[in-house]
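A.B. asks: A structural model of the following input is requested.
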Amino acid sequence: MDFSVVIEYFPRLLSGAWVTLQLVLLSVVLGGIFALPIALARISPVAWVRAIPFGYIFFFRGTPLLVQIFLVYYGASQFEAVKNSIFWPILKEPFWCAIIAFTLNTSAYTAEIFRGAIQAIPKGEVEACKVLGMTKVQMYRRILLPRAFGIVLPSYGNEIILMLKGSALASTITILDLTGMARTIIARTYTPIEIFLAAGAIYLLISMLVIFLFRQIELRQNRYLGTQSIQLEDKS
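C.D. replies: Take a look at the predicted model:
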């Protein structure tokens, strides 16, 4: 194997990695913003309010991400109304089509993660909020959402890593992300093993950073649990 090719083209791989990070970060942020109201609608006592986000989540969790990317990228251009709309400057760009598809996909998964975290909060804490006279908005803002955030962190970190790996599909619509750049380099150098090993190492490094970051946030957010466990050991 000739790893001198990796050294020569490593700056291009890094430029592709930067595009991948942009795709993942924008999608995760936008997906998280959309996921919270979807999750709250999923636990609504009103049946028809629950049905709408359920259908949304069912579709995006039940269909492949690649199909969703193609539907946004190729499907939007099939309608003249879309081409003549103010959204066409965005929808004609592969980068933004990928962002839209990734955001819709990750928001569906994240909404289910948030829903599970909210419903995992002990009912006693909810009753305590009501006894204190909190409104529903105050209860969610002060108690339930911060508690749910601590519960959701491990699963949410996994979702971001899955989104990172899924972002490789952006290369199918001509985006030169890390995978797309690796394929372009391979077409020129005919060194698939060396280049894909280098690309895989970069993906692994990014995943390690995400895991480390979420581990630190989890330790900080749930530090009170460690204190409680110490107190219980002292009492025993």
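A.B. asks: so what's Gly157 up against?
C.D. replies: Shown in contact with Gly157 (C-beta atoms under 8 Å, 6 or more residues apart in numbering): Val210, Ile211, Phe214, Arg215, Glu218. All C-beta atoms are positioned from the backbone trio N, CA, C, and that covers glycine.
A.B. asks: and the second one, helix, strand or coil?
C.D. replies: Secondary structure, DSSP: H, G, I helix; E, B strand; the rest coil: Ile211 is helix.
A.B. asks: can you list the buried residues in stretch 206-217?
C.D. replies: For stretch 206-217, the buried set under the neighbour-count rule, 16 or more other C-beta atoms under 10 Å, comprises Ile206, Val210, Phe214.
A.B. asks: and for stretch 190-199?
C.D. replies: For stretch 190-199, burial by neighbour count (16+ other C-beta under 10 Å) applies to Thr191, Glu194, Ile195, Ala198, Ala199.
A.B. asks: also stretch 63-71?
C.D. replies: Leu65, Gln68, Ile69, Phe70.
A.B. asks: can I get those in TSV including secondary structure?
C.D. replies: TSV is the format used below for the buried residues of stretch 63-71 (three-state DSSP):
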residue	secondary structure
Leu65	helix
Gln68	helix
Ile69	helix
Phe70	helix
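A.B. asks: just put these in a markdown table and tack on distance to Leu91.
C.D. replies: Listed next are the buried residues of stretch 63-71 as a markdown table, based on distance: C-beta to C-beta, whole Å:
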| residue | distance to Leu91 |
| --- | --- |
| Leu65 | 18 |
| Gln68 | 14 |
| Ile69 | 13 |
| Phe70 | 13 |
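A.B. asks: Phe70: what's it in contact with?
C.D. replies: Applying C-beta under 8 Å, 6+ apart, the residues contacting Phe70 are Thr172, Ile173.
A.B. asks: from the buried residues of stretch 190-199, which two are the most distant?
C.D. replies: Greatest spacing in the buried residues of stretch 190-199, by C-beta to C-beta: Thr191 and Ala199 (11.7 Å).
A.B. asks: so, low pLDDT: which residues of the chain?
C.D. replies: The model of the chain has pLDDT under 70 over residues 222-236.
A.B. asks: which helix is the longest one in it?
C.D. replies: Criterion DSSP state H: the longest helix present in the chain is helix 4-42.
A.B. asks: for the buried residues of stretch 63-71, which one is nearest Ala47?
C.D. replies: The shortest approach to Ala47 among the buried residues of stretch 63-71 belongs to Gln68, at 27.2 Å (C-beta to C-beta).
A.B. asks: the nearest residue to that closest one once chain neighbours are set aside: what's it in contact with?
C.D. replies: Excluding its sequence neighbours, the residue lying closest to Gln68 (C-beta to C-beta, 6 or more residues apart in numbering) is Ala101, at 4.8 Å. Shown in contact with Ala101 (C-beta under 8 Å, 6+ apart): Leu65, Gln68, Ile69, Leu71, Val72, Tyr73.
A.B. asks: need those in JSON lines with distance to Ser171, can you?
C.D. replies: Converted to JSON lines, those look like this (distance: C-beta to C-beta, whole Å):
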{"residue": "Leu65", "distance to Ser171": "13"}
{"residue": "Gln68", "distance to Ser171": "15"}
{"residue": "Ile69", "distance to Ser171": "10"}
{"residue": "Leu71", "distance to Ser171": "17"}
{"residue": "Val72", "distance to Ser171": "15"}
{"residue": "Tyr73", "distance to Ser171": "12"}
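A.B. asks: thinking again about what came up before, gap between the residue nearest to Gln68 and Ser171?
C.D. replies: 13 Å (C-beta to C-beta, to the nearest Å).
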